[in-house]
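**Student:** Here is a sequence with its predicted model. Questions after.
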Amino acid sequence: MFCHAAGFTGLVWRSCATRLATPLRVAAPDLRGHGEAPPLPADADWGVFADDVLGAAGALGPGPLIGVGHSLGGTALLLAEARAPGTFDLLVCFEPILATHDDPAFAEAAARRRAVFPSRAEAHARYSSRPPLSLLAPEVLDDYLDSGLAPDPGGGVRLRCAPEVEARLFRTAISCPWREALPLVRCPTVFLRGAGSVVVTGESLAAAHAELPAGRLREVPGMDHLGPLVRPGAFARVLDGIFAESGVPGPAGRGEHPGGSVTATR
């Protein structure tokens, strides 16, 4: 199960998943408030994403299960495993959001995002010319636009994850109960940090990693916080290496086949 970062959708994992050498069937759910998932309730805390992960895991049926998460997606996996230990056989979390202080900059930037465009082509022209989305691999940007935009009632297209929803996620990150969750995550867990990241510091991730009963920590050269979406092929190779080291059996009960396919579940 691959879980996406805030503001994105499950489908953005497709480019990485299809490059995996490990035989896996990949499910990539849209978390609440993103893609085609239900709206994020006004009073929801980050625990709602654990609900989403556990619901998606239940729908997959029995068998070994690996969780791979990026940013918000990594945090959602940790909260889910803490709530229902044994759901996952292995977690790989790239720069999970484990906020230690309130930083309004991310929320303010999200709130300023443009929500409506005259067309998909206009959205593509804007995003492909301005960082950070201009840094995404072209096929990842296409998948984001295909799954992250919806027809707008007034004409044109709009973001499925509204800017105010993404901003609310960043504002409430400080209240996420990740500290209580980490000691309950007993499956093998790998924390990854992009060596060039300015979002997650090595010190903060190392301190969080120390709370894991069965954790490993490593840096990924040549990547920043958006690394899995900027260099999906390189990230797939990182994952293949982790899977080979982990000893977790392949998910034969879920329809094993060569390479990774991806289904964006709702």
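**Tutor:** Ah, there it is.
**Student:** how close does residue 50 sit to residue 77?
**Tutor:** Look at residue 50 and residue 77: by CB to CB, to the nearest Å, they are 8 Å apart. For every residue, glycine as well, the C-beta is placed using N, CA and C.
**Student:** who has more neighbours, the two?
**Tutor:** residue 77 (30 against 23; other CB atoms under 10 Å).
**Student:** can you list contacts of the helix or strand where the more buried one lies?
**Tutor:** Using DSSP states H and E, residue 77 sits within helix 72-83. Residues outside helix 72-83 that contact it (CB atoms under 8 Å, 6 or more residues apart in numbering): 1-6, 31, 46-47, 49-50, 52-54, 57, 67-69, 87-88, 91, 93-98, 169, 176-178, 180-182, 184-185, 187, 189.
**Student:** which residues of this protein score low on pLDDT?
**Tutor:** 248-266 (pLDDT under 70).
**Student:** in it, which spans are helices?
**Tutor:** Secondary structure of the chain, counting by DSSP state H: helices at 14-17, 47-60, 72-83, 104-111, 120-127, 138-148, 163-172, 178-181, 202-209, 227-230, 232-246.
**Student:** With residue 26 as the reference, name the closest of those helices.
**Tutor:** Comparison of the helices of the chain against residue 26 by CB to CB identifies helix 14-17 as nearest, at 4.2 Å.
**Student:** what sits against residue 218?
**Tutor:** 190, 191, 192, 193.
**Student:** one step back: if I take the helix holding residue 77 and helix 163-172, what angle do their directions form?
**Tutor:** Here the directions of helix 72-83 and helix 163-172 differ by 50 degrees (axes from the mean of the first three to the mean of the last three CA atoms, to 10 degrees).
**Student:** got the buried residues for helix 72-83?
**Tutor:** Judged by neighbour count (16 or more other CB atoms under 10 Å), helix 72-83 contains these buried residues: 72, 73, 74, 75, 76, 77, 78, 79, 80, 81, 82.
**Student:** I'd like to check the angle between it and helix 47-60, please.
**Tutor:** 80 degrees.
**Student:** Give me the distance from helix 72-83 to the chain's centre.
**Tutor:** Centroid displacement of helix 72-83 relative to its chain, using CA atoms, centre = their mean, to the nearest Å, is 10 Å.
**Student:** Kindly report the same for stretch 102-113.
**Tutor:** Taking mean C-alpha positions (CA atoms, centre = their mean), stretch 102-113 and its chain are 19 Å apart.
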